[in-house]
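**Student:** using only what follows, build the 3D model:
(one chain, ligands or ions: 1)
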Amino acid sequence: MELDAKDGKFAARLIAWQRRHGRHGLPWQGTKDAYRIWLSEIMLQQTQVGTVIPYYLAFLERFPDVASLAASDVDSVLRLWSGLGYYSRARNLHRAACEVVVRHGGTFPHDRETLESLPGVGRSTAAAIAAFAHGAREAILDGNVKRVLARHFAVAGYPGEAKVALRLWTIAEAVLPSQGIATYTQALMDLGATVCSRTPACERCPVHDTCQARAQGNVAAYPGTRQRKAVPVRATRMLLLFHQGRLLLEKRPPSGVWGGLWSFPEVSMDEDVASVCEARFGLVVDAITPLSALKHSFTHFTLNIHPVQCRVRADRRVADSAATQWMDPDHAAMEAVPVPVKKLLVRLKAESGEAADRQ
Ligand code: SF4
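**Tutor:** Got it, this is the predicted structure:
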């Protein structure tokens, strides 16, 4: 569907609507500080506003500017990020802060293209930073905005496909206002989050009379969905090795799933737990108690985790090192650990509390 004269009013209507009905009290609004805007944009990728707010405030308190973030070690960043998920964002956050300090003298670049060269900053994120911090006339196209534009302009097809994405980018650029870019950008974000959501409230929408999906009576058809392939399922056994009240945790390699986080040792489902403990850690297993399984969903696969609690005795006990540590369970819960590990630690604490209550 081609754009027509009515679509020229699209941006103006959104701007007017944002002023009256948009969100105004979010902690990252009302600033032109590129550091704060960048931090919020990275945190908001694939994460809801309500989840992000406490993390955003905690980060700012600990790292009030890009120099303090760059001067920190990545472990401290991961620890503060723990629970927010998609940990590559935290590692890229730290790398990008270092690049801003080393390559750009501690000041975020102003233009979208240079911002895009920072680790973890894609075209839409770079555009949002440039628009909010410097009023640059750049188009954003995050997941919410794809949904709004696909519906309003009846763009068929799955936005993850290159030709559909290209069409959406073309529209996103064509409808940019000549003035008021920051308010317009916020309006698109707000409309996607609060009105044109998965279950849209079209009666409250400022552009409902020009919306082509609505005119077709077929809003549910936009945006198109991906042909779903079956998500592979994997299984792993996590070892909760207890020795003198402490648990053994290993630091995972810096890249890949849960990169750089502390986690329990894992073995494949067909390995013998006692033999592995002896060979890898010099530990003799005195007792093995299977715990109830838990499931964790990644984007590309589902992981079924089968934890076992083992009471172990040292033969030539593995020593603490940068990659392996015996931790008090409460201390472990404060470290940067993946969500399932945190759940297991919480479960252990609850069970030990119940056991104490029963005594
Ligand atoms: S009219 Fe409904 S479907 Fe169309 S843009 Fe507005 S909220 Fe979305």
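**Student:** report all helices and strands that the worst-scoring helix or strand of the chain on mean pLDDT contacts.
**Tutor:** Lowest on mean pLDDT, DSSP states H and E among the helices and strands of the chain sits helix 339-358, with a mean of 79. When contacts are defined as 3 or more C-beta pairs under 8 Å, 6 or more residues apart in numbering; DSSP states H and E, helix 339-358 sits against strand 233-243, strand 294-297, strand 302-314, helix 329-334. Glycine gets a C-beta too; all of them are placed from N, C-alpha and C.
**Student:** how close does the residue nearest the centre of the chain sit to residue 293?
**Tutor:** Among the residues of the chain, the one closest to the centroid is residue 86, at 4.4 Å (C-alpha atoms, centre = their mean). Counting by C-beta to C-beta, to the nearest Å, the gap from residue 86 to residue 293 is 24 Å.
**Student:** can you list the low-confidence ranges for this protein?
**Tutor:** The chain contains residues with pLDDT under 70 at 1-8, 315-317, 353-359.
**Student:** please parse it into its domains.
**Tutor:** Dividing the chain into domains by automatic domain parsing, as the record does, gives the ranges 5-221, 233-358.
**Student:** just how off-centre is the longest one within its chain?
**Tutor:** What that stands for is domain 5-221. With C-alpha atoms, centre = their mean, to the nearest Å as the basis, domain 5-221 stands 13 Å off its chain's centre.
**Student:** any residue of that domain up close to the ligand?
**Tutor:** Yes - using C-beta under 6 Å from any ligand atom, domain 5-221 comes into contact with the ligand via 148, 151-152, 195-196, 200, 202, 205, 207-208, 211, 213-214, 219.
**Student:** with the residues you listed in mind, which one is nearest to residue 251?
**Tutor:** Among the residues of domain 5-221 next to the ligand, residue 148 lies closest to residue 251 (C-beta to C-beta), at 41.8 Å.
**Student:** thinking the closest one is in contact with residue 196, fair?
**Tutor:** Yes - using C-beta atoms under 8 Å, residue 148 is in contact with residue 196, at 4.7 Å.
**Student:** just to revisit the earlier point, which one of the helices and strands packed on helix 339-358 lies closest to residue 349?
**Tutor:** Across these, residue 349 has its closest neighbour in helix 329-334 (6.4 Å, C-beta to C-beta).
**Student:** list the buried residues for the closest one?
**Tutor:** 329, 332-333 (16 or more other C-beta atoms under 10 Å).
**Student:** including distance to residue 107, could those go into TSV?
**Tutor:** Output for the buried residues of helix 329-334, formatted as TSV (distance: C-beta to C-beta, whole Å):
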residue	distance to residue 107
329	43
332	39
333	38
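**Student:** interface residues of the stretch 201-350 of the chain facing the ligand?
**Tutor:** 202, 205, 207-208, 211, 213-214, 219.
**Student:** which of these are buried?
**Tutor:** Listed as buried from these are 205, 207-208, 211, 213-214, 219; burial here means 16+ other C-beta under 10 Å.
**Student:** returning to that earlier point: out of the residues of the stretch 201-350 of the chain next to the ligand, what pair is the most spread apart?
**Tutor:** 207 and 219 (12.7 Å).
**Student:** contacting residues for residue 303?
**Tutor:** 233-236, 295-297, 340 (C-beta atoms under 8 Å, 6 or more residues apart in numbering).
**Student:** got TSV for the residues you listed, with neighbour count too?
**Tutor:** As requested, the contacts of residue 303 are exported to TSV (neighbours: other C-beta atoms under 10 Å):
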residue	neighbour count
233	10
234	12
235	13
236	16
295	10
296	17
297	9
340	19
